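Asks: A predicted structure for the sequence below; I have some questions about it.
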Amino acid sequence: MSFIKCSSTLEGHLDRVWHVAWEPNHGKYFTSSSADRTIRLWKFDPNSNSCNPICVLQDAHNRTVRSTAWAPGSLKMASASFDGTVCVWTRDETSDSLEVVATIEGHENEVKSVSWNCSGNLLATCGRDKTVWVGSFLLVTQGHIDRPFVNQITPNSYRLKLC
């Protein structure tokens, strides 16, 4: 018989916690998203078998944050919110902080989920408006400046109607 032993109970959110997502590259970071409109970044320490809070992201969404997803092979993370937006974040490896590099708007209302493809260059979102959007997100480097470039994520070009 298999079972899971609870090694940590993490506290800090002020309302329901809707989702957790592990960062796939190192396996030591994960995010939790909540109805309190925040995302928390946590770090797992295998030596002490414990999780420690790294930072609280609280100014990007103004309603429940329903889900987060990390892009494989990169430092990108996306968050979906009931405010109808998706934010794309990058993690700074030196400070362990996350910064919004793009906000995607256009769903008519609540965005329920977000997911990256296995290459980390396509982002899919779904919403209460019965649509799924798929688009590419590239971080373009020109000289020494990294800046976001959202390509073809628009209501008309990548909207799929679900029956």
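Replies: Sure, I can see it.

Asks: Check the burial of H107 by counting its neighbours.
Replies: Close neighbours of H107, defined as other C-beta atoms under 10 Å, add up to 23. Yep, even glycine has a C-beta here, placed from its N, CA and C like the rest.

Asks: List the backbone torsions phi and psi for it.
Replies: Per-residue torsions, H107: phi -60, psi 140 (degrees, to the nearest 10).

Asks: G84 is in contact with that one, correct?
Replies: Yes - with contact defined as C-beta atoms under 8 Å, H107 reaches G84; the gap is 4.9 Å.

Asks: so what sits against both of the two?
Replies: G127 (C-beta atoms under 8 Å, 6 or more residues apart in numbering).

Asks: neighbours around S67, how many?
Replies: Per other C-beta under 10 Å, the neighbour tally for S67 reads 22.

Asks: what lines up beside the helix or strand hosting it in the sheet?
Replies: Using DSSP states H and E, S67 sits in strand 65-70. Partner strands and pairing direction for strand 65-70 (DSSP bridges) are strand 76-81 (antiparallel).

Asks: how distant is the very next helix or strand once past the strand it pairs with from the center of its chain?
Replies: Proceeding N to C from strand 76-81, the next assigned helix or strand is strand 85-92, under DSSP H and E. Averaging C-alpha positions (C-alpha atoms, centre = their mean, to the nearest Å) puts strand 85-92 6 Å from its chain's average.

Asks: what comes up buried for strand 85-92?
Replies: T85, V86, C87, V88, W89, T90, R91 (16 or more other C-beta atoms under 10 Å).

Asks: for the first one, what are its contacts?
Replies: Same thing as T85. So T85 contacts A60, H61, T103, I104, E105, H107, V111 (C-beta under 8 Å, 6+ apart).

Asks: Tell me the spacing between it and V100.
Replies: The gap separating T85 from V100 is 10 Å, by C-beta to C-beta, to the nearest Å.

Asks: try the last one
Replies: The gap separating R91 from V100 is 12 Å, by C-beta to C-beta.
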